[in-house]
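Trainee: coords please:
(chains A and B)
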Amino acid sequence: GDSVTQMEGPVTLSEEAFLTINCTYTATGYPSLFWYVQYPGEGLQLLLKATKADDKGSNKGFEATYRKETTSFHLEKGSVQVSDSAVYFCALSPASGGSYIPTFGRGTSLIVHP
Amino acid sequence: NAGVTQTPKFQVLKTGQSMTLQCAQDMNHEYMSWYRQDPGMGLRLIHYSVGAGITDQGEVPNGYNVSRSTTEDFPLRLLSAAPSQTSVYFCASSTGVGYGYTFGSGTRLTVV
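Mentor: Numbers count the residues shown, from 1 in each chain, chains lettered A, B, ... in the order given. Model prediction:
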């Protein structure tokens, strides 16, 4: 079945550091790929998405590129802020099957220090 | 535009009690899902629906029932609460593949 693997956290960075959170997936065909962010005490929010190979999703300074050849969708940000501290989830939705129910990774906690 | 609304935000139940977690969306989304989130376990799918009148089981359906009589509402029923059901529950909805899901703010349930 489909699966998503994320790097384990927590990831601890200083403000203005470069961020990479790795995400790889297993799925048939060409799934849609997503990154969600969860701030403390809140629900998940869609951060960015890509629906086909080589697409780059971007939002709020975060970027991720859909790499079919390496089945990856790594999240990057050039300069993190304290306000980026949150848990980040990688997810995929299958391209077919009718339910389009997403499969989530286990989440990666990011802690940014001033 | 309220998005996905979950009620209540917090609830304490005694073992054996039953209750319904409410979920409503005002975006005319066909797809709706219930997840539970536990430390170290990520998100686990309980039940989902692909449209009014259609529901199916997810990864951890035991002890929970759902129904989808309207597009807007997707309540989750706990039949006989157990301490193992202590968790944070999230409802989510989507218009379909490629669009991602919109999540509610969650219900924090404690069973004592």
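Trainee: hey, let's count contacts and neighbours off CA atoms from now on
Mentor: Fine.
Trainee: how about the residues of chain A that lie near chain B?
Mentor: Proximity of chain A to chain B, by Cα under 8 Å from any Cα of the partner chain, involves residues A:32-34, A:41-46, A:49-51, A:93-95, A:99-100, A:104-107.
Trainee: Pull out the buried members of these.
Mentor: A:32-34, A:43-46, A:49-51, A:93-95, A:99-100, A:104-107 (16 or more other Cα atoms under 10 Å in any protein chain shown).
Trainee: one step back: so which of the residues of chain A next to chain B belong to helices?
Mentor: Among these, DSSP state H puts none in helices.
Trainee: Which parts of chain A are strands?
Mentor: Secondary structure of chain A (DSSP state E): strands at A:3-6, A:11-14, A:19-21, A:23-26, A:32-38, A:44-50, A:56-59, A:62-65, A:75-77, A:86-93, A:103-104, A:108-113.
Trainee: and if you look at chain B?
Mentor: So, for chain B - with DSSP E - the strands run B:4-7, B:10-13, B:19-25, B:31-38, B:42-51, B:54-57, B:64-66, B:76-78, B:87-94, B:102-103, B:107-111.
Trainee: Most tightly packed of the ones you listed?
Mentor: By mean neighbour count, with neighbours taken as mean count of other Cα atoms under 10 Å in any protein chain shown, strand B:87-94 ranks first of these at a mean of 25.
Trainee: Strand partners (parallel or antiparallel) of that one?
Mentor: strand B:31-38 (antiparallel), strand B:102-103 (antiparallel), strand B:107-111 (antiparallel) (DSSP bridges).
Trainee: got JSON lines for these, with mean pLDDT too?
Mentor: Shown next, in JSON lines, are the strands paired with strand B:87-94 (pLDDT from 0 to 100):
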{"stretch": "strand B:31-38", "mean pLDDT": "96"}
{"stretch": "strand B:102-103", "mean pLDDT": "96"}
{"stretch": "strand B:107-111", "mean pLDDT": "98"}
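Trainee: For residue B:52, give its distance to residue B:67.
Mentor: When Cα to Cα, to the nearest Å is the yardstick, residue B:52 and residue B:67 sit 9 Å from each other.
Trainee: sorry, back to before: want to try JSON lines for the strands paired with strand B:87-94, with distance to residue A:74 as columns?
Mentor: Below are these laid out as JSON lines (distance: least, Cα to Cα, whole Å):
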{"stretch": "strand B:31-38", "distance to residue A:74": "23"}
{"stretch": "strand B:102-103", "distance to residue A:74": "22"}
{"stretch": "strand B:107-111", "distance to residue A:74": "30"}
